[in-house]
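Student: Output the structure for:
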Amino acid sequence: MGRQGRVGGRRRKRPSDEGTSRRRVSSSCRGTAGRTRTCPPAMAESDWDTVTVLRKKGPTAAQAKSKQAILAAQRRGEDVETSKKWAAGQNKQHSITKNTAKLDRETEELHHDRVTLEVGKVIQQGRQSKGLTQKDLATKINEKPQVIADYESGRAIPNNQVLGKIERAIGLKLRGKDIGKPIEKGPRAK
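Tutor: Model prediction:
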């Protein structure tokens, strides 16, 4: 049959087929010994009906971005918004500035200050003197056990709020010049 008369995988009714009905003759409907039998009409799935396409797929993203599609949309009177992207389609991730050479000559390494090992040892000694594990101390000050481990090993970036909580929990100073000395428990001076 070729392509003629096919829509959506089914055969379309041709104008020459109007008024004719086709029936599929099964083996049980064939005539026997010269006699003919009347057969029931064929099932609906074998009828040749016209298929109606309800909805057409829109263009793909690549087709919608093409210059031809944009011009066609403008001709139809649709609103078309186009914007040019900076360095689009190029491998420019960073813009080259005049200060690049100056930054390359910069040899100073920038990094955050870490807790000193002296503070870590004081935390460890104070925790052990109170009979606390890292997990117990962390639970007491509402922090994760990894925070305590980082402070004791000297990997942590100092946070005054966390240091204050640890100081109160173990009773030793961790900041200033009196590191490792007991905290005086008296009224605060305002």
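
Student: Report all helices and strands that the host helix or strand of R75 contacts.
Tutor: Assigned by DSSP states H and E, R75 falls within helix 67-76. Helix 67-76 is packed against no helix or strand, with contacts defined by 3 or more Cβ pairs under 8 Å, 6 or more residues apart in numbering; DSSP states H and E. For every residue, glycine as well, the C-beta is placed using N, CA and C.

Student: quick one: I170 and K140 touch, right?
Tutor: No: counting by Cβ atoms under 8 Å, I170 stays clear of K140, with 9.4 Å between them.

Student: So which of these two has more stuff around it?
Tutor: With neighbours defined as other Cβ atoms under 10 Å, I170 and K140 compare such that I170 has more, 24 against 17.

Student: Quick check: buried residues in the longest helix seen in the chain?
Tutor: Among the segments of the chain that qualify as a helix by DSSP state H, the longest is helix 117-129. Judged by neighbour count using 16 or more other Cβ atoms under 10 Å, the buried positions of helix 117-129 are V119, G120, V122, I123, Q124, G126, R127.

Student: So which residues make contact with it?
Tutor: Residues outside helix 117-129 that contact it (Cβ atoms under 8 Å, 6 or more residues apart in numbering) are 133-134, 137, 148, 151-154, 158, 163, 166, 170-172, 174, 179-180.
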